[in-house]
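Colleague: With the sequence up front, the predicted model follows.
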Amino acid sequence: MAVDVVCEREVPRPREEVAAYAADPDHTTEWYANIKAVEWETPRPLAVGSRLAFVASFLGRRLSYTYEIRELVPGERLVMSTAQGPFPMETTYTWQDAGAGATRMTMRNRGEPSGFSKLAAPMIARAMKRAMGQDLERLSRILQRG
């Protein structure tokens, strides 16, 4: 069973600011509760082909995986994917103007779990949706504080 989870939030900050902050891997641990560490495997700056090693905790498990940037349109779209672990996944961020200096940020995680993760896909999808909503809320609070 494929997992495809979408979550969005309006952030009361300009699109360029939201996108620059959210797309910067060095900020990831500040706004993602489950991401514990990010290491650059390729030189900065972020570009198509950049590789980033993540250490995360999800549903009580420690996960290590490497994302590769597949698409990057600054201020509009970021797509990254990993083929590692029990849950190969693609993550997409998009940013759109939402009027009055606000931004609508959308996060999408989709993948095809294998092994035990395949059996637990509905539970994983619910947990992902909850975590993504909390992460976007945290991102919004951080950016509002300036």
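Modeller: Perfect, thanks for sending it.

Colleague: When you work out contacts or count neighbours from here on, use the C-alpha atoms and nothing else.
Modeller: Will do.

Colleague: the bottom helix or strand of the chain by mean pLDDT?
Modeller: Across the helices and strands of the chain, the lowest-confidence element by mean pLDDT, DSSP states H and E is helix 116-119, at a mean of 68.

Colleague: ok, the spatially most distant residue from the centre of the chain - contacts?
Modeller: Distance to the chain centre peaks in the chain at Ala100, reaching 25.1 Å (criterion: C-alpha atoms, centre = their mean). Counting by C-alpha atoms under 8 Å, 6 or more residues apart in numbering, Ala100 makes contact with nothing.

Colleague: Could you do Arg13 as well?
Modeller: With contact taken as C-alpha under 8 Å, 6+ apart, Arg13 is in contact with Gly101, Ala102, Thr103, Leu143, Gln144.

Colleague: Ok, Gln144 next?
Modeller: Neighbouring residues of Gln144 by C-alpha under 8 Å, 6+ apart: Pro12, Arg13.

Colleague: For Arg138, see how far away it is.
Modeller: 10 Å (C-alpha to C-alpha, to the nearest Å).

Colleague: now Gly115
Modeller: Distance of Gly115 to Arg138, given as C-alpha to C-alpha: 32 Å.

Colleague: contacting residues around the residue nearest the centre of the chain?
Modeller: With distances taken as C-alpha atoms, centre = their mean, the chain has Thr91 as the residue nearest its mean C-alpha position (5.7 Å). Contacts were defined as C-alpha under 8 Å, 6+ apart; by that measure Thr91 touches Val79, Met80, Ser81, Met107, Arg108, Asn109, Arg110.

Colleague: Pairing partners for the residue nearest to it when sequence neighbours are not counted in the sheet, please.
Modeller: Taking C-alpha to C-alpha, 6 or more residues apart in numbering, and ignoring the residues beside it in sequence, Thr91 has Asn109 as its nearest neighbour in space, at 4.6 Å. Using DSSP bridges, the bridge partners assigned to Asn109 are Val5, Thr91.
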